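>>> predicted model and sequence below, questions to follow.
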Amino acid sequence: TFHNLVIGFDLWGNMESLAEYRLCAVVTVFVYLLNVRSGVAVGTARDKYNVPMPITKGPPEFERAFRAHANNAEQYPQFLALMWVFAFYCHSLLAGVLGVVW
């Protein structure tokens, strides 16, 4: 199939081949949870420092929480894409380990 030509193995026909991507999947879930947690921190900071939506300026403590979340949200899609491409085409375990380090 086309998928076999592109990736080099039958990903969907052999569930054992999916096991090697387990660490990347775990990293993906943790990156998602990190993004959710930082979003909640922004909401908490909005309440604590009385900064209504959509205002993004306020006390330095609020701005730090907001910027941390924004930076994370801006960078994690590229990180996940690069991690998964590296996992599929180079080395899945190394991709997962590098993801944990990130």
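Arrived safely.
>>> what's near enough to touch Gly58?
Contact partners of Gly58, counting by C-beta atoms under 8 Å, 6 or more residues apart in numbering, are 49, 51, 66. C-beta here means a position set from N, CA and C on the backbone, and glycine is covered the same way.
>>> from Ser38, how far off is the first one?
When distances are taken as C-beta to C-beta, to the nearest Å, Tyr49 and Ser38 turn out to be 16 Å apart.
>>> do the last one as well
As defined by C-beta to C-beta, Phe66 lies at a distance of 9 Å from Ser38.
>>> of those two, who's got more company?
Of the pair Phe66 and Ser38, Phe66 is the one with more neighbours under other C-beta atoms under 10 Å, namely 20 against 17.
>>> can you put the contacts of Gly58 in a markdown table and add secondary structure?
Formatted as a markdown table, those follow (DSSP: H, G, I helix; E, B strand; the rest coil):
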| residue | secondary structure |
| --- | --- |
| Tyr49 | helix |
| Val51 | coil |
| Phe66 | helix |
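>>> of all the residues you listed, which comes closest to Pro60?
Checking the contacts of Gly58 against Pro60 by C-beta to C-beta gives Tyr49 as the nearest, at 9.6 Å.
>>> would you check that that closest one makes contact with Glu61?
Yes - counting by C-beta atoms under 8 Å, Glu61 is a contact partner of Tyr49 at 6.4 Å.
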